[in-house]
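Trainee: Predicted coordinates and the sequence they were generated for:
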Number of protein chains: 2
Amino acid sequence: MYAAPSIQRLLDELEKLPGVGPKSAQRIAYWILNSSSSDALRLADAITDVKQHVHFCKRCFNYAQDELCEICASEKRDASVICVVSEPRDIPPIERTGVFSGTYHVLGGALSPLEGIGPDALHVTELLARLNDPGIKEVILATNPNVEGETTASYLARLIAPTGVKVTRLASGLPVGGDLEFADEVTLGRAIESRRVL
Amino acid sequence: MYAAPSIQRLLDELEKLPGVGPKSAQRIAYWILNSSSSDALRLADAITDVKQHVHFCKRCFNYAQDELCEICASEKRDASVICVVSEPRDIPPIERTGVFSGTYHVLGGALSPLEGIGPDALHVTELLARLNDPGIKEVILATNPNVEGETTASYLARLIAPTGVKVTRLASGLPVGGDLEFADEVTLGRAIESRRVL
């Protein structure tokens, strides 16, 4: 396809983004070409800024702009509860629920023998170091409910057991508002096993 | 939702892009955060570069990096045929067909009395000036087959008629590979009217 070199370069870079194919890349490129220079430069600046100023929180490995992330630095958060997640992107959905006011620990992945990801590739040692603080009362294992996430949760549960800290796991079951008819067998089976007394 | 200020700013800018909602913005933002700094900066540079180096071709008003766009500057193109389009984004699809080797003229929009877009808002004067060249043999009106595009095409056809230059319009009809059953009545009606002798 014909395109001026600068436009072709922009198209190539845009197509690398997740969920952006050739058609979307072209729409975005024309939007950038048509927009005011200041609009386009604000986007370019935001990208540069995020790469320059965002790094990992020293304590929990969430994204942070200061030494500690906003959650670790906040006095309103309950530091006695640590919610362990695989990736920083798992934190916003938990925050949106509004039911959790503790702190987090980001592992940076999940155990996957097939992909060669062992405990050394994750921030496990740093998690155990945090548990030396006698103030820690509970660790919630919020890794994904898939093979890698479950493996990681079991591994961590065994590792943390000797410290005496309470270890919990997110419940599996039917999605709220979902239909029993359309639930997959594994989820429905788990919902029956984990049935609650009313 | 919680996010570091730099990340929030990036999310805000990404959500302004066409076809990018909050979920896609988040996916792209995490991709940028996870990618190497050089990958992300290449995207930022490409955006800045396109705004700095791309402007309108002096002759045809397509996007260009030099005084003339690559098509106007090319010696391989047949300058005696001018294909008139509404926007620069209409050129790549025509180029992809591989059947056109002439040059273009970008109007910068289409006539729309409702939106107050008259001939003065389009590059009509510049088109007529190009037709003063006795070498011009044909003008193909390739505005969109919708109300504004048809209005613009009729207007230009009347305006160009006195110059004696041949004026043609893109054919309307059934899409190749399409199903007669699913064609809308207007398109099918046009296809019947414009039937060809075999």
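Mentor: Arrived safely.
Trainee: Please, where are all the helices along chain A?
Mentor: Per DSSP state H, chain A carries helices over the ranges A:5-15, A:22-34, A:37-53, A:70-73, A:91-97, A:124-131, A:147-160, A:185-193.
Trainee: Indicate which one of these is closest to residue B:174.
Mentor: Smallest distance to residue B:174 across these (Cβ to Cβ): 23.0 Å, for helix A:22-34. Yep, even glycine has a C-beta here, placed from its N, CA and C like the rest.
Trainee: Quick one: mean pLDDT for that closest one?
Mentor: Averaged across helix A:22-34, pLDDT comes to 92.
Trainee: In it, which residues are buried?
Mentor: Residues of helix A:22-34 classed as buried: A:24-33 (neighbour count, 16 or more other Cβ atoms under 10 Å in any protein chain shown).
Trainee: okay, the residues you listed in TSV with distance to chain B next?
Mentor: As requested, the buried residues of helix A:22-34 are arranged in TSV below (distance: Cβ to the nearest Cβ, whole Å):
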residue	distance to chain B
A:24	5
A:25	10
A:26	7
A:27	5
A:28	5
A:29	7
A:30	5
A:31	5
A:32	6
A:33	6
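Trainee: Now do the same contact list for residue A:187.
Mentor: Going by Cβ atoms under 8 Å, 6 or more residues apart in numbering or on different chains, residue A:187 touches A:172-174.
Trainee: Just the buried subset of those, written out for ChimeraX, thanks.
Mentor: With 16+ other Cβ under 10 Å as the burial test, the buried ones among those are selected in ChimeraX as follows:
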select /A:173
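Trainee: For chain B, tell me which of the contacts of residue A:187 show up nearby.
Mentor: Restricting these to those touching chain B (Cβ under 8 Å from any Cβ of the partner chain) yields no residues.
Trainee: so what pLDDT did residue A:2 get?
Mentor: Reading off the confidence values, residue A:2 has pLDDT 61.
Trainee: rewinding a little: make CSV out of the helices of chain A and add distance to residue B:113.
Mentor: As requested, the helices of chain A are exported to CSV (distance: least, Cβ to Cβ, whole Å):
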stretch, distance to residue B:113
helix A:5-15, 32
helix A:22-34, 23
helix A:37-53, 29
helix A:70-73, 53
helix A:91-97, 47
helix A:124-131, 67
helix A:147-160, 60
helix A:185-193, 58
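Trainee: my guess is residue A:62 contacts residue A:73, does it?
Mentor: No - with contacts counted by Cβ atoms under 8 Å, residue A:62 stays clear of residue A:73, the gap being 10.8 Å.
Trainee: okay, the two: which has more neighbours?
Mentor: Neighbour comparison, residue A:62 and residue A:73: the larger count goes to residue A:62, with 23 against 13 (by other Cβ atoms under 10 Å in any protein chain shown).
Trainee: For residue A:148, see how far away that one is.
Mentor: To residue A:148, residue A:62 is 20 Å away according to Cβ to Cβ, to the nearest Å.
Trainee: now residue A:53
Mentor: Distance of residue A:53 to residue A:148, computed by Cβ to Cβ: 31 Å.
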